[in-house]
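In: I need the structure of the sequence given here:
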Amino acid sequence: QLQLVESGGGLVQPGGSLRLSCAASGFTLDYYAIGWFRQAPGKEREGVSCISSSGGSTYYADSVKGRFTISTDNAKNTVYLQMNSLKPEDTAVYYCAAASAFRAVVAGRVDYWGQGTRVTVSS
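Out: Below you'll find the model as predicted:
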């Protein structure tokens, strides 16, 4: 069974950090690109960051550039999203998703979704 499981969300104060994890099972990330997306209350889901299967290509939304870093550990079949200098506007449910092509993930055309992990940035 193909599955993506996110973890690492929680409540953090503005300026704080969190690291989200996306663990894949039933398939290997050696052949899939992974993207992180988020959906804030009352807003549409938006792409945050993506990484190619090799880790050689990455994408960041303008709103998170310089603050978020995506990385992959193919040995653990896990992708991480390190989020620093968090702002209240980063509050959302964060989802990871997979597709066989990096460009597809960047465009939001994905094949598999995780169940999401909630991030709340508040004092």
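In: okay, the closest residue to residue 61 other than its chain neighbours and residue 63: tell me how far apart.
Out: Leaving out its chain neighbours, the residue that sits closest to residue 61 by Cβ to Cβ, 6 or more residues apart in numbering is residue 48, at 5.5 Å. C-beta here means a position set from N, CA and C on the backbone, and glycine is covered the same way. Note on residue 48: its distance to residue 63, by Cβ to Cβ, to the nearest Å, is 8 Å.
In: which of the two has more residues huddled nearby?
Out: A count of neighbours by other Cβ atoms under 10 Å puts residue 48 above the other of residue 48 and residue 63, at 24 against 13.
In: I'd like the next helix or strand past whichever strand or helix holds the more buried one.
Out: Residue 48 is part of strand 46-51 when elements are defined by DSSP states H and E. The element immediately downstream of strand 46-51 (helix or strand, assigned by DSSP H and E) is strand 58-60.
In: contact partners of whatever helix or strand comes next after that next one?
Out: Of the helices and strands lying after strand 58-60 in sequence (DSSP H and E), the nearest is strand 68-73. Here strand 68-73 makes contact (Cβ atoms under 8 Å, 6 or more residues apart in numbering) with 29, 34, 36, 48-51, 55, 58, 60, 78-84.
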